[in-house]
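> Sequence and predicted model, in that order:
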Amino acid sequence: MKAVAAAVILGLAGCTALGQRGAPPAGDRWEASVTITRDAFGIPTIDAADDAGIAYGIAYAMAEDGLPEIDALYAALGDSAAAMAEYRSESPAMQALWSACAAGLNRYVAKHPQEPRAVTHYEPWMVLAAAKRLELAQREKTSGGGDETLAWAAAPTVAAGPPVLLVSGRRVNPYEMTLRAADGWRFHGFGVLGLAWPAEGFGGVTAYAHAAPAVPADTSAASRSIPDGRLAQLYALSRAQDLPSFAAARAQRRMTAPTVFIDRTTAALFTAEGAPVPASSVAMHAGDRAAAAAAVLTTDRPWTLDDLGLAIFDRRVYGADADIAALVDEWEQVGALNPDRAASIDDAVQVLTAWDRTSRGSAPEMTLYAAYRRTLEIDSSGALPRFRALEKVVADGTLRELRPWEAVNHIVSPPVPGSPTLAIPVAGAPGRFGIMFAYDAQRAGQQYIWLAAAGTGTGRAVVSHGQSARAHSRHAFDQAALFATARLRPVEAR
C-alpha cells in the first residue's frame, strides 16, 4: 500500500498500510495502490486506482472490524454449485471485483494467522453466496412489521438549496465506508458487515436508500430466493450519476423494496413495480413511522441538512394519539358493561391520557406506554385488544413500579471480560410507535442515520453503537454518546 506518515498510522485517524516492511507473507498485486485510512470513529476511507482495488480494501477493512462474523457467515455457506455457476456467468469486470474481495479477506488472514477461523481460503463465489444470505436474513429480521426504515427526500422546490435525503433504519452490524477510486467509485455508503459493498448511500451527484423487502407469504424456496445478479445490481446503483442511469440499474433485476432517490434536480420514489415517480418530496416509511414523518417532514418550509438533522431526533410519539384514543374508547365500552373491571385500569388510563406524547428520559409515562404497546403486539386479536393489553400490564405490576424511561431504554456496551458494562440512556423510542427518534433497547442490531445533499458530496451520519463488531475495539461503542445526545458526524464522498 502507499506509504503514509507514522503520525497518521499511530494517531486517531489511523491508516492500514498492508505493504509495510516486515509484514508476512509477500503481498499481492493490490498492495501498492490501496490505502485504508480511518477517521476518529474508525470509519474507513478506501483509496485505490480502480474499483477492484476498492473492493479489495473493503474486504480487508471489514475483516479488521469483524473477521469472526464474516468467517461464520462464509463457513455456513457450504459448497454452493449455484453460486459458483452465477460467478462464472457474470462479466469479467464483475468477476474481477469479487475476486478482489476474496483476495482482501485472504490477505488479512495471511497477516493475522493467529485469529481462529473455519474457512481456510475465501473464494470469489462465496462473496455472491454471502450477499444473498445477508439479504434474506435482513428480510426475515424485518418481517412482520419490524422494518422501521424511514427515508424522505426533498426536491429543489422544497429544499433550501440542493435536493436532500434523510435515512433512518436498523440493521445488524451496519457498516459505513467512504470509497475513492481514481477511476471509478466516489461514494459514501452504508452496507452490512460481510456484504461486498454498500447497499445505499451517496456520491458526488446522487443519493438513494432502500426499504427492506418483505418476506413473501409463499414460503417455498423459489419465492424466498434472491435473484442472480443482485450484487452486480448494487454495484451499478452506486455508480449511477443521474435518474435515467439509476433507473436502468434498478431495472437489471426485480427489486421488491421501494427506493428513494435524489440527484441534482430530482427527488423520486421507485415503487415495488420499479417505475420512478418524481415529486417535490417523496417518503418511504414503514408502519407507524408514517405518522411521525407526515407530521414532521412537511413541505410548507424549506429543508437543509441541518434542519433534517434536527427533525430526525424529534421525540414526540405521533403514533400514540390515535392509539390512546382507541384505548379510551375500549375502556369506556367496558365501563358501560362492567364498571369494576374498567376501574382496574383507571389510573393507567389517566396516566396515558395526561401524557404529552413526548419520549423523554424522565418520563415514566413512556415506560407505561411502551409496556402496553409491546403487550398489544403479542396479542392484538379478538375483542378489546387494547383494553386487554393495558389490563395485563397493570396486573403484572408495571404501574406500581413505574420507572423513568431512561432506566429502561439505553444503549449497552458489548461485553468485554474484565471491563465494566456501560449503559447510556436514550430518549428515543421504538420507531414502530410512531416516532422520528427511533431506538429500541429490546431489539438486536444498531440504529443508523444518514443525510445527504445531492450534488455536493456532503452529508451527516451516526450509528447507535459503533463501527467495529469487535467488542474490545474502541470503535465498538464510541458513537453511542453522539446518538444518545442527538448529534451527527459530518461525512463526504469526494
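Happy to help now that I have it. Residues are numbered from 1 along each chain as shown.

> Helices of the stretch 201-350 of the chain, start to end?
For the stretch 201-350 of the chain, helices defined by DSSP state H, counting those that start in this stretch occupy the ranges 221-224, 230-239, 243-250, 289-296, 305-311, 320-337, 339-343, 346-354.

> for the fifth one, what is the average pLDDT?
Spelled out, that is helix 305-311. Averaged across helix 305-311, pLDDT comes to 94.

> what packs against that helix?
For helix 305-311, the elements it packs on are strand 164-171, strand 446-453, strand 458-463, judged by 3 or more Cβ pairs under 8 Å, 6 or more residues apart in numbering; DSSP states H and E. Every residue, glycine included, has its C-beta placed from N, CA and C.

> out of the helices of the stretch 201-350 of the chain, deepest packed?
Most buried of these, by mean neighbour count (mean count of other Cβ atoms under 10 Å): helix 230-239, with a mean of 21.

> Could you verify that S381 is part of a helix?
No - with DSSP: H, G, I helix; E, B strand; the rest coil as the criterion, S381 is assigned coil and is not in a helix.

> And it, how close does it get to A389?
11 Å (Cβ to Cβ, to the nearest Å).

> neighbour count winner among these two?
Neighbour count, other Cβ atoms under 10 Å: between S381 and A389, A389 has more, with 23 against 6.

> residue contacts, that one?
Listed by Cβ atoms under 8 Å, 6 or more residues apart in numbering, the contact set of A389 reads 372-373, 375-376, 379-380.

> just G434 next, same as before
Here G434 is in contact with 287-292, 317-320, 323 (Cβ under 8 Å, 6+ apart).

> again with A354
Taking Cβ under 8 Å, 6+ apart, one finds E365 in contact with A354.

> which helix of this structure spans the most residues?
Longest helix of the chain, by residue count under DSSP state H: helix 51-75.

> Now do the buried residues in that helix.
For helix 51-75, a neighbour-count test (16 or more other Cβ atoms under 10 Å) marks 51-67, 69-71, 73-74 as buried.

> Can you show me the helices along the stretch 1-150 of the chain?
Under DSSP H, counting those that start in this stretch, the stretch 1-150 of the chain gives helices at 6-10, 51-75, 81-89, 92-111, 124-141.

> got TSV for the ones you listed, with mean pLDDT and distance to R474 too?
Compiled in TSV, these are given as follows (pLDDT from 0 to 100; distance: least, Cβ to Cβ, whole Å):
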stretch	mean pLDDT	distance to R474
helix 6-10	27	14
helix 51-75	95	12
helix 81-89	86	36
helix 92-111	93	19
helix 124-141	79	26
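
> could you dump the ones you listed to CSV with distance to A160?
As requested, the helices of the stretch 1-150 of the chain are exported to CSV (distance: least, Cβ to Cβ, whole Å):
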stretch, distance to A160
helix 6-10, 37
helix 51-75, 33
helix 81-89, 45
helix 92-111, 38
helix 124-141, 34
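
> for those helices, which one sits closest to T421?
When the helices of the stretch 1-150 of the chain are compared by Cβ to Cβ, helix 51-75 sits nearest T421, at 20.2 Å.

> could you check the angle helix 230-239 makes with that closest one?
Relative orientation of helix 51-75 and helix 230-239, computed by axes from the mean of the first three to the mean of the last three Cα atoms, to 10 degrees: 140 degrees.

> so how far is helix 51-75 off the chain centroid?
18 Å (Cα atoms, centre = their mean, to the nearest Å).

> do stretch 378-398 as well
Relative to the mean C-alpha coordinate of its chain, stretch 378-398 is positioned 32 Å out (Cα atoms, centre = their mean).

> what does stretch 421-434 give?
Distance, centroid of stretch 421-434 to centroid of chain: 16 Å (Cα atoms, centre = their mean).

> Any buried residues in that stretch, and which?
Applying 16+ other Cβ under 10 Å to stretch 421-434 flags 424-434 as buried.

> list the contacts for R117?
Here R117 is in contact with 67-68, 71, 75, 109 (Cβ under 8 Å, 6+ apart).

> Provide the count of other residues in contact range of the nearest residue to A63 once chain neighbours are set aside.
Distance criterion Cβ to Cβ, 6 or more residues apart in numbering; nearest residue to A63, sequence neighbours excluded, is Y108 at 3.8 Å. If you count neighbours by other Cβ under 10 Å, Y108 ends up with 21.
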